[in-house]
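Colleague: Sequence first, then the predicted structure:
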Amino acid sequence: MNHDPRLSPLEEHEWSLQERALAEQRAGFAPRDGQASLGTYRTMARWLAQPPAEQLPADFARRLARQVQPVARPDAGLERGLLALLTAALGVAGLAALVIYGDAWLPALDQGVVGAVLAKPLAWVVAACLGLSRLSRSWLHHDQPA
């Protein structure tokens, strides 16, 4: 077990008891009376060293993964379609606002480096490509199992 130097004195004492109990259990020493917590730690070490009495089925992990997978709802396709429509409408609205009001606020951005970058059409093209790439990745891979 790794030792953490940030342990409090009480935690340090418990850690040393756990290590001592594990070492005594491995060495096969007989339990001694005295410290009840040491006996508890030795019992825990003995139980953890034994294999479980009942073996798990061979396909346990697959069955458990199947149980915790989210269940596909019948209306998920509708929600996905509405989300795509809403995203497209938001993009069109943003583009329309840029075309209509861009002359008023775009020159105000030209005060610094950010304004110089945003005033260039290539920066907008790169931003649009990155945004569409991110959106298309989530749309295209929505129903593939992990």
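Modeller: Everything's here; your move.
Colleague: what secondary structure does residue 30 sit in?
Modeller: coil (DSSP: H, G, I helix; E, B strand; the rest coil).
Colleague: Can you get me a residue count around it?
Modeller: Residues lying near residue 30 (other C-beta atoms under 10 Å) number 5. All C-beta atoms are positioned from the backbone trio N, CA, C, and that covers glycine.
Colleague: where are the low-confidence patches of this protein?
Modeller: 1-5, 31-36, 71-73, 106-118, 139-146 (pLDDT under 70).
Colleague: Tell me which stretches of this protein form helices.
Modeller: Assigned by DSSP state H, the chain shows helices spanning 9-27, 36-49, 60-68, 76-105, 113-118, 121-140.
Colleague: got the angle between the first one and helix 36-49?
Modeller: Relative orientation of helix 9-27 versus helix 36-49 (axes from the mean of the first three to the mean of the last three C-alpha atoms, to 10 degrees): 50 degrees.
Colleague: What of the third one?
Modeller: Angle, helix 60-68 to helix 36-49, by the same axes, to 10 degrees: 100 degrees.
Colleague: Could I get the buried residue list for helix 60-68?
Modeller: Residues of helix 60-68 classed as buried: none (neighbour count, 16 or more other C-beta atoms under 10 Å).
Colleague: Check the fourth one too.
Modeller: Of all the residues in helix 76-105, not one is buried under the rule 16+ other C-beta under 10 Å.
Colleague: Figure out how far it is from the centre of its chain.
Modeller: 29 Å (C-alpha atoms, centre = their mean, to the nearest Å).
Colleague: Output the contacting helices and strands for that helix.
Modeller: helix 121-140 (3 or more C-beta pairs under 8 Å, 6 or more residues apart in numbering; DSSP states H and E).
Colleague: Show me what the helix it packs on is packed against.
Modeller: helix 76-105.
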